[in-house]
Each structure stands twice: as structure tokens, then as C-alpha cells.
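*Asks:* Generate a structure from the sequence data that follows.
(chains A, B, C and D)
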There are 2 protein chains.
Amino acid sequence: MKSGMGLTKSHSLKRQSLPEALADSLRERILNGDFKPGESLVQEALAEEYECSRMPVREAFRQLEAAGLIVTKVHKGAVVAAMPAEQAQELYELRVNLESVLLEHAIPNMTDADLDASEQVLRELEKAYEERDINRWGSLNWEFHRSLYVPANRTQTLAIVQGVNLQVERYVRLQLLISETFEAAQKEHRALLEYCRARNVEAAVALLKQHIRDAGDSLVSSLEARSVDA
Amino acid sequence: MKSGMGLTKSHSLKRQSLPEALADSLRERILNGDFKPGESLVQEALAEEYECSRMPVREAFRQLEAAGLIVTKVHKGAVVAAMPAEQAQELYELRVNLESVLLEHAIPNMTDADLDASEQVLRELEKAYEERDINRWGSLNWEFHRSLYVPANRTQTLAIVQGVNLQVERYVRLQLLISETFEAAQKEHRALLEYCRARNVEAAVALLKQHIRDAGDSLVSSLEARSVDA
DNA sequence: AATCTGCGGGCTGGATCCAATAACACGGCA
DNA sequence: TGCCGTGTTATTGGATCCAGCCCGCAGATT
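*Replies:* Next up, the predicted model:
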């Protein structure tokens, strides 16, 4: 959803303001690695690219800054936020903690429709995996996790978890192809859904924790390796 | 009377931009109950009050919206966010979860200087309590908690917890005087600090959990009562 | 009398314009 | 030759201006 494919407003009933649309688009481009960590975002350039004035860009920047994707300094502009390995570590611990809680509360509430919806996303996710469509896989990956948590009915927690996921996602996408955990994750997703169907909270949560930890460890070691040769 | 005691730029080395200063000031006024839930914030009025144009106000709004303190609709402006009891419940469960983790990791890292700093804040907190200075008590209350968590060295988690606290704080302030839990909280703070000094992680975390739960229950029932007679 | 409709005021969203700051390069001086 | 001060330029921050959307009100029509 949210397509992100750049402001195609046709038939979309644009009930969102231009700054929001811009923020969506820029966020997607950052996640895609289109803008790399440390790279600076120039208001005027983006304004021209999107054929609008600098003002919507500025407001979009505020949103992205609040999400932790960019950092801005007064009179010095915005740069894409970097992520030290230590920070990634912390964010993954947060994920383990919060997503466990969400899943635990979600499973008892899951309806058949919920499970079918997750199944649907998982299918697409598997397809993206086979096609090696990294960006699509990345966004579907979160979509799948999210679909499992929605029945928990915890919008605040879900919003926070979504923010954390967005922050780490772009690094995940960068290392997807070279990671073996990528393949394991694929199988774990399927198993996770089966545990949910069986209403096996214990097994599901345990698997989820391991699933996130593995991804985190893989990412952290990758970041540390990168910071060495940098 | 508007005093404008945010934004006193003299001697403040304003290394922050005007929108940020505005956001700080507005946030404080929302927390103080100066702006009540549901009340709408008008760009022009605020711009005139702060003697600036509407643009910084708009950017400040984006920040406050990201923090969940206001909600904005396109072409309809910004209103102070309300908080259903259900949402308060969830936020307090988040606090229990996240602050426990923070304290648990913080205690082993606490230096004597850290403990002294917390002691200092606690003194001021107690003073504010005796003087029934609600707003000051509210901000010092968070300051005290925060001082206990800082040694955990988890900036991401701390930032999230701070956001959660800000969201609920204004409701806490509204009911402070009529709440007996307010008095209990005062004693618990002291006990909490003593447990930290003794490096008694178990006892400290247990007390913290109870401390937050009590506050949460008290707030939730207060909100439910309020929503009934509304 | 009630509802629909057209109009106007007030407010927000976005564009353009001006001021201020910071990076950079050039030239002077030791 | 190397360093420091100054002027230039690119870019951001803030103000003002214009267009478009909500909403309330008045008048007309059934």
C-alpha cells in the first residue's frame, strides 16, 4: 500500500497534504537506498524535482526528522541519518520486546479473516523473494509483520514499532542479497503464520523473538564490518 | 499577560530554530492545560501572539503532530489531541514495559554522580510537591524518572519513553491534586532511589512497575469517570 | 416552515520574496 | 610557502502574498 511511487494523485482522492505525500515519497527513497546515509538533502533541488516550492519540502523534512530518518542542523540543512551498529542493536532489542508483546496479545484476537489476510501478504512476500525484488520484499516484510500485530488492537505500540522498523529497514535492504538469514527468514515467516493459525502463543512468540534476533545480529555484524573498512 | 516566557531569547544562545522554540513553548502550554483537548489552535492567532509569521508555527505544528499532542486535518487546522481511557491504558502498559527495561540496565551503570544528580532532582520534586506547584511537579517528575534511566545508555528507548510520558503527562497534571496516588508516588520516588543506591535491581524494578501501574490505574479511572459525565 | 443554494468571511495550504548564515575560494601578509 | 582575513556564493530561515477550501448565513424555492 501507500505505493510510494511518487505522487501519482490520479484517482487517489488526495486527502493528504502535499507535505505528507512528499514525506512518503522521500521516506521510500531513503529506504530504497536512493539517498544514502550522510548524503545531504537540498531543499531547492527536491522542490524543483517535485515541481513545487521549497515550503512543502521543509515541512516534509520535519516529519522525516521526527521519524529519525534525517537529522537537520540550523542553517546547515538535512542529511540522511547514519546508524551506528550500537544503535541498531538497541533498536532490534526494542523490536524483540515490543513485537513479542504485540503478537502475544494479537493471537487470541485473530479471526480467520485476519489469518487469511496475513496469508495473502505472505504469498506476495514469497513471490518478491523469488523474484529478488528487494525493495518490494522490504516493504512487504514489514507489511506481513504488521498484519500479525494489528489484531492486538494496540495502535500506540504498533505506531512505535512501525517507526522502529522503518528506521532499520533501509539497512536491512542493503544487505539482503548477501545474507543467508534472508533465506531462513523466509521459512520462519511461514512457520510463524502456522503457529498463529494453531493459536500456539508460546511457540509463535519464541520463534518471533529468534527471528528478530537473528536479523538483528546479522545486521549488526554487517554494520560493524562496514564501519571497519570505512 | 501572555508573558511569552518561552522564547526569551536573551542569554539563551538560541542554537535552536524558531520552530523548535515554538514547539517547546506550545508543548509546555498544552501540558499545562493552557490549551485543552479538543481546543483548536489557530496559526494566525499564535503567530501574532509570538510576533512572528505563520510559517514557524506551521513547522512547530508538524513537530507536535509527530509527538501525538495535536492532530491536524487538511484545510481544517489543528486541535489538541484527546485521549480515550483505552489509549491511556495502553500507554501506561508501554511505560511499565519500557521503563522497567531501562531501569534494569541503568542500575548497574549508575555512578555516584548519577545518584547524586537524581537525588538533586528528587529534592526539587519534593519541594514542588510541598508547594503544590503542579506544573513544576509534572516536569520534575519526568526529569527524575529520566535521570534514573540515562545511565542505561539507550538513547532510542529513552526517546520513545519520553514521548510516551509527554503524551500522558498533561492528563496526569489535571488530576494531580485530587489524587491520593499523588502522595504515595512521592514516597515511592524516595524508596526507588534508595533501591538504586543499594543496587537492588529486583526491588527497584518491582517498585517501579507498581509505581507506574498505580499511576496508570488512577489516571484511567479518572478518564473513564470524566468521559461518563461528559 | 424547512431545506437547498449561493455567497462571503476566515482560515489554511502553497508560492514567492527577502534576510541571514555558513561554506569556500581568493588574495594579502608574515 | 603556509596561514589568516575577507568577500562571494550557495543554501537555509522567515515574512509576505495569493489561491483554495470550510463553514456559516441569508435568501429563495417548494
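
*Asks:* any bit of the longest helix seen in chain A sitting next to chain B?
*Replies:* If you go by DSSP state H, chain A has its longest helix at helix A:201-229. No: Helix A:201-229 lies out of reach of chain B by Cβ under 8 Å from any Cβ of the partner chain, never closer than 13.1 Å. Using the backbone N, CA and C atoms, a C-beta is placed for each residue, glycine as well.

*Asks:* Any residues of chain A in contact with DNA strand C? List them.
*Replies:* Residues of chain A found near DNA strand C (Cβ under 7 Å from any atom of the strand) are A:17-19, A:52-56, A:59, A:74-76.

*Asks:* possible to save those residues as JSON lines with pLDDT and distance to B:Lys187?
*Replies:* JSON lines is the format used below for the residues of chain A next to DNA strand C (pLDDT from 0 to 100; distance: Cβ to Cβ, whole Å):
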{"residue": "A:Ser17", "pLDDT": "90", "distance to B:Lys187": "49"}
{"residue": "A:Leu18", "pLDDT": "95", "distance to B:Lys187": "53"}
{"residue": "A:Pro19", "pLDDT": "96", "distance to B:Lys187": "48"}
{"residue": "A:Cys52", "pLDDT": "97", "distance to B:Lys187": "57"}
{"residue": "A:Ser53", "pLDDT": "97", "distance to B:Lys187": "57"}
{"residue": "A:Arg54", "pLDDT": "97", "distance to B:Lys187": "54"}
{"residue": "A:Met55", "pLDDT": "97", "distance to B:Lys187": "52"}
{"residue": "A:Pro56", "pLDDT": "97", "distance to B:Lys187": "52"}
{"residue": "A:Glu59", "pLDDT": "97", "distance to B:Lys187": "46"}
{"residue": "A:Val74", "pLDDT": "95", "distance to B:Lys187": "43"}
{"residue": "A:His75", "pLDDT": "95", "distance to B:Lys187": "48"}
{"residue": "A:Lys76", "pLDDT": "95", "distance to B:Lys187": "48"}
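
*Asks:* Not counting residues beside it along the chain, what's closest to A:Gly138?
*Replies:* Excluding the flanking residues, the one nearest A:Gly138 by Cβ to Cβ, 6 or more residues apart in numbering or on different chains is A:Arg173, at 4.5 Å.

*Asks:* how many neighbours does the residue lying closest to A:Arg95 once chain neighbours are set aside have?
*Replies:* Nearest residue to A:Arg95 in three dimensions, chain neighbours excluded: A:Ile212, at 5.0 Å (Cβ to Cβ, 6+ apart). Counted with other Cβ atoms under 10 Å in any protein chain shown, residues neighbouring A:Ile212 total 22.

*Asks:* ok, now A:Glu51?
*Replies:* So A:Glu51, with other Cβ under 10 Å, has 7 neighbours.

*Asks:* Surely it is within a helix?
*Replies:* No: counting by DSSP: H, G, I helix; E, B strand; the rest coil, A:Glu51 is not found in a helix; it is coil.

*Asks:* For it, give me its contacts.
*Replies:* Applying Cβ atoms under 8 Å, 6 or more residues apart in numbering or on different chains to A:Glu51 gives no contacts.

*Asks:* how about low-confidence regions in chain A?
*Replies:* Across chain A, the ranges flagged by pLDDT under 70 are A:1-14, A:176-179, A:227-230.

*Asks:* How is the residue lying farthest from the centre of chain A assigned, secondary-structure-wise?
*Replies:* Residue farthest from the centre of chain A, counting by Cα atoms, centre = their mean, is A:His75 at 29.8 Å. Secondary structure for A:His75, judged by three-state DSSP, is coil.

*Asks:* Okay, and the most centrally placed residue in chain A sits in which element?
*Replies:* The C-alpha lying nearest the average C-alpha coordinate of chain A belongs to A:Leu166 (Cα atoms, centre = their mean; 3.4 Å). A:Leu166 is part of helix A:155-175, with elements assigned from DSSP states H and E.

*Asks:* next SSE after that helix?
*Replies:* helix A:181-197.

*Asks:* Can you tell me which helices and strands that next one packs against?
*Replies:* helix A:112-130, helix A:134-149, helix A:201-229 (3 or more Cβ pairs under 8 Å, 6 or more residues apart in numbering or on different chains; DSSP states H and E).

*Asks:* any idea which of those is most buried?
*Replies:* Most buried of the helices and strands packed on helix A:181-197 by mean neighbour count (mean count of other Cβ atoms under 10 Å in any protein chain shown) is helix A:134-149; its value is a mean of 20.

*Asks:* elements contacting that one?
*Replies:* Judged by 3+ Cβ pairs under 8 Å, 6+ apart, helix A:134-149 is in contact with helix A:18-31, helix A:85-106, helix A:112-130, helix A:155-175, helix A:181-197.

*Asks:* Report the buried residues of the last one.
*Replies:* In this case it means helix A:181-197. For helix A:181-197, the neighbour count (16 or more other Cβ atoms under 10 Å in any protein chain shown) marks A:181-182, A:185-186, A:188-189, A:192-193, A:195-196 as buried.

*Asks:* nearest to B:Gly33, of the residues of chain A next to DNA strand C?
*Replies:* Checking the residues of chain A next to DNA strand C against B:Gly33 by Cβ to Cβ gives A:Glu59 as the nearest, at 27.8 Å.

*Asks:* The closest one contacts A:Pro19, doesn't it?
*Replies:* Yes: counting by Cβ atoms under 8 Å, A:Glu59 touches A:Pro19, with 3.8 Å between them.

*Asks:* Show me whatever sits in contact with both of the two.
*Replies:* In terms of Cβ under 8 Å, 6+ apart, A:Glu59 and A:Pro19 are both contacted by the residues B:Arg62.

*Asks:* Is A:Leu64 within a helix or a strand, and which one?
*Replies:* Using DSSP H and E, A:Leu64 maps to helix A:54-66.

*Asks:* ok, which residues in chain A are in contact with chain B?
*Replies:* Looking at chain B, the residues of chain A close enough under Cβ under 8 Å from any Cβ are A:15-17, A:19, A:55, A:58-59, A:62-63, A:66-67, A:74, A:87, A:90-91, A:94, A:97-98, A:101, A:154-157, A:160, A:164.

*Asks:* What sits closest to the residue of chain A at minimum distance from chain B if chain neighbours are left out?
*Replies:* For chain A, the residue closest to chain B is A:Ala66, as judged by Cβ to the nearest Cβ, at 3.4 Å. Nearest non-adjacent residue to A:Ala66, counting by Cβ to Cβ, 6+ apart: B:Ala66, 3.4 Å away.

*Asks:* Identify the residues contacting the one you found.
*Replies:* B:Ala66 sits next to A:62-63, A:66-67 when contact means Cβ under 8 Å, 6+ apart.
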